[in-house]
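Trainee: Need the 3D shape of this:
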Amino acid sequence: MKEITTAAVDLAKELIVVCTADASGRTMYFKQFGFRGFASWAANLPPCTMAMEACSSAHYWARTLESLGHRPKLLSPELVAPFRKSKGAKNDRNDAQAILIAALQPDMRFVSVKSIEQQSILACHRMREGWKVERTALINRVRGLLAEFGVWLGRSPQNLARSLPRLIQEEQLPARVRALLVQAQSHLAGLEGLMEQCERDIGEHARHSEAAQRLCSINGIGPISASAIVATVGNARDFRNGRQMAAWVGLVPRQSSSGGKERLGKITKRGDTYLRGLLTQGGRSTLNAALARAPDQRSHLEHWIVALRQRVGYHKTLVAIANKHARICWAMLARETAYDPNSWQQQHVRAGDCAPVAA
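Mentor: All right, here's what the predicted structure looks like:
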């Protein structure tokens, strides 16, 4: 019997389908398991390559399979889809076989496996962001209901929190509505408390992470952004350069080039939406700081930011700053160095040393 060298695993909420292959890449068999059955099967299987899409529970299974002696590989679902043999017949078996074919490609890109520590801090980020969405929905819902009774409030959470105690005592509002406002006030305070707890946990992670502390020295990168970057990226050396990391976050233009003609469009918006949003908001802070500073006190980077703002406009400048920050973060994480705003001078000197000397 031929030995299994590669197994593709299609993960789902209740079932797991595997597709195995030998050293030549030929499919051997399919099997369907529950969670416990899959773990038992993998434990009894000789060490081999286990390929999975980077989806829910994939990092857990990757760590589990690695502890059993296997070599886990995670693939982006976007890279797996073209290898499905039939677009009109999407099922678990075809998905598993597509994962297998994609994993056997010699130049395939893989996703790094996240550690338990990385996922635990990212859970704080995800829950904080989810509670923020719930808070925004609650505020909009209350504002919309109050407008039906002739009460108009501003959009900020602080404005609503200040106004609710007064509105609860407002006799002109029906008793049912005032009772609902009491519940909304309690719910809003609960969401605020949950968000603050997550922010404390994130801040603690940023304080105890040496890499996050170094990233915080960049203007526009705060504790939340630094913590998210460190926890999401993991090993920055998985990227060959900062350009790759910026493309991974989705901060590079979409290309539609052909025949030697470059056609660049809007940014791709691939990758982690949360991380891209933090970098863009950090770019907003950096741009405002550069514009507020006196011209003779601006750094080299701030001079570039202001000139770019005048040339391409406000929003494109934000994206460019976010791209620049992503590249700077990669250099600091991959080389384990501190932020040096004058590093451009060293590069200029090195380039000058290589230049020919005039006679």
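Trainee: what about residue 195, how many neighbours?
Mentor: Close neighbours of residue 195, defined as other C-beta atoms under 10 Å, add up to 18. Every C-beta, even on glycine, is put in place using the N, C-alpha and C of the backbone.
Trainee: Likewise for residue 122?
Mentor: Residue 122 - counted by other C-beta under 10 Å - has 19 other residues nearby.
Trainee: Equivalent analysis for residue 313, please.
Mentor: 10.
Trainee: Pull out the buried positions in whichever helix in the chain runs longest.
Mentor: Counting residues, the longest helix in the chain under DSSP state H turns out to be helix 175-208. Of all the residues in helix 175-208, those buried under the rule 16 or more other C-beta atoms under 10 Å are 177, 180-181, 184-185, 188, 191, 194-195, 198, 201-202, 205-206.
Trainee: Output those as JSON lines; include the columns distance to residue 334.
Mentor: Below are the buried residues of helix 175-208 laid out as JSON lines (distance: C-beta to C-beta, whole Å):
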{"residue": "177", "distance to residue 334": "57"}
{"residue": "180", "distance to residue 334": "53"}
{"residue": "181", "distance to residue 334": "52"}
{"residue": "184", "distance to residue 334": "47"}
{"residue": "185", "distance to residue 334": "48"}
{"residue": "188", "distance to residue 334": "42"}
{"residue": "191", "distance to residue 334": "38"}
{"residue": "194", "distance to residue 334": "35"}
{"residue": "195", "distance to residue 334": "32"}
{"residue": "198", "distance to residue 334": "28"}
{"residue": "201", "distance to residue 334": "26"}
{"residue": "202", "distance to residue 334": "23"}
{"residue": "205", "distance to residue 334": "20"}
{"residue": "206", "distance to residue 334": "19"}
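Trainee: any chance of those in a markdown table, with pLDDT and distance to residue 171 too?
Mentor: Below are the buried residues of helix 175-208 laid out as a markdown table (pLDDT from 0 to 100; distance: C-beta to C-beta, whole Å):
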| residue | pLDDT | distance to residue 171 |
| --- | --- | --- |
| 177 | 94 | 11 |
| 180 | 95 | 16 |
| 181 | 94 | 13 |
| 184 | 94 | 18 |
| 185 | 94 | 18 |
| 188 | 93 | 22 |
| 191 | 95 | 28 |
| 194 | 97 | 33 |
| 195 | 96 | 33 |
| 198 | 96 | 38 |
| 201 | 96 | 43 |
| 202 | 97 | 43 |
| 205 | 96 | 48 |
| 206 | 96 | 48 |
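Trainee: Would you state the helices of the stretch 251-359 of the chain in chain order?
Mentor: Assigned by DSSP state H, counting those that start in this stretch, the helices in the stretch 251-359 of the chain fall at 273-292, 300-312, 314-335, 343-354.
Trainee: okay, those, which one's buried deepest?
Mentor: Highest mean neighbour count among those (mean count of other C-beta atoms under 10 Å): helix 314-335, with a mean of 20.
Trainee: chain center to it: distance?
Mentor: Put simply, helix 314-335 sits 14 Å off its chain's centre (C-alpha atoms, centre = their mean, to the nearest Å).
Trainee: Need the contact partners of it.
Mentor: For helix 314-335, contacts defined as C-beta atoms under 8 Å, 6 or more residues apart in numbering pick out 211, 214-215, 218, 220-221, 229-230, 233, 236-237, 239, 241-246, 249, 251-252, 267, 276, 279-280, 282-284, 286-287, 301, 305, 308-309, 312, 337-339.
Trainee: Could I get the contacting residues of the closest residue to residue 149 other than its chain neighbours?
Mentor: Leaving aside its chain neighbours, residue 149 sits nearest to residue 173 (5.8 Å; criterion: C-beta to C-beta, 6 or more residues apart in numbering). The contact partners of residue 173, taken as C-beta under 8 Å, 6+ apart, are 149, 151, 167, 181.
Trainee: Shouldn't residue 173 be within a strand?
Mentor: No: read with DSSP: H, G, I helix; E, B strand; the rest coil, residue 173 is coil and lies in no strand.
Trainee: Let's verify residue 143: helix, strand, or coil?
Mentor: Recorded secondary structure, residue 143: helix (three-state DSSP).
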